[in-house]
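K.L.:
I would like the atomic coordinates for the input below:
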Amino acid sequence: MFEERAVLADGVQLELALRSPSDWRLACRKGNRLLVEFSSARRHAFTSVEKLRYDFERAVADALRQD
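P.N.:
Predicted structure coming up:
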């Protein structure tokens with residue numbers, strides 16, 4: 001299992017949890033609010049690591065613009 005959290009200067013928290021190839025989660029929080037979550041449980045379309053990262057970064061940027 002692998003887990004990592006990063007806290008950015010503006011208080012945004014990025015989280016990664018990888019329990020197995022079929023059990024993973026990416027999340028972005030600001031304070032206690034969940035802004036974006038991609039996970040195997042939500043059936044996000046996973047085609048490649050690069051595409052998943054791009055989609056997640058884009059969703060986070062959109063959510064932070066709207067915040």
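
K.L.:
is it true that residue 42 lies in a helix?
P.N.:
No - under DSSP: H, G, I helix; E, B strand; the rest coil, residue 42 sits outside any helix and is assigned coil.

K.L.:
can you name every helix or strand that the helix or strand containing residue 52 contacts?
P.N.:
Per DSSP states H and E, residue 52 falls inside helix 49-66. With contacts defined as 3 or more CB pairs under 8 Å, 6 or more residues apart in numbering; DSSP states H and E, helix 49-66 has these neighbours: strand 12-20, strand 23-30, strand 33-39. Using the backbone N, CA and C atoms, a C-beta is placed for each residue, glycine as well.

K.L.:
distance from that helix to the middle of the chain?
P.N.:
Taking CA atoms, centre = their mean, to the nearest Å, one finds helix 49-66 lying 8 Å from the centre of the chain it belongs to.

K.L.:
that helix vs strand 12-20, what angle?
P.N.:
Taking axes from the mean of the first three to the mean of the last three CA atoms, to 10 degrees, one finds helix 49-66 and strand 12-20 inclined to each other by 150 degrees.

K.L.:
how about helix 49-66 as CSV, C-alpha atoms only?
P.N.:
C-alpha atoms of helix 49-66 as CSV (Å, rounded to 0.1, in the frame of the first residue of the first chain):
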residue,chain,number,x,y,z
VAL,A,49,-1.4,7.0,-15.7
GLU,A,50,-0.7,10.0,-17.9
LYS,A,51,-4.3,10.5,-18.8
LEU,A,52,-5.5,10.0,-15.2
ARG,A,53,-3.0,12.6,-14.0
TYR,A,54,-4.0,15.0,-16.8
ASP,A,55,-7.7,14.6,-16.0
PHE,A,56,-7.2,15.0,-12.3
GLU,A,57,-5.0,18.1,-12.6
ARG,A,58,-7.6,19.7,-14.9
ALA,A,59,-10.4,18.8,-12.6
VAL,A,60,-8.5,20.3,-9.6
ALA,A,61,-7.7,23.5,-11.6
ASP,A,62,-11.4,23.9,-12.5
ALA,A,63,-12.5,23.3,-8.9
LEU,A,64,-10.1,25.8,-7.5
ARG,A,65,-11.1,28.4,-10.1
GLN,A,66,-14.7,28.0,-9.0
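
K.L.:
please consider this matter closed, and thank you.
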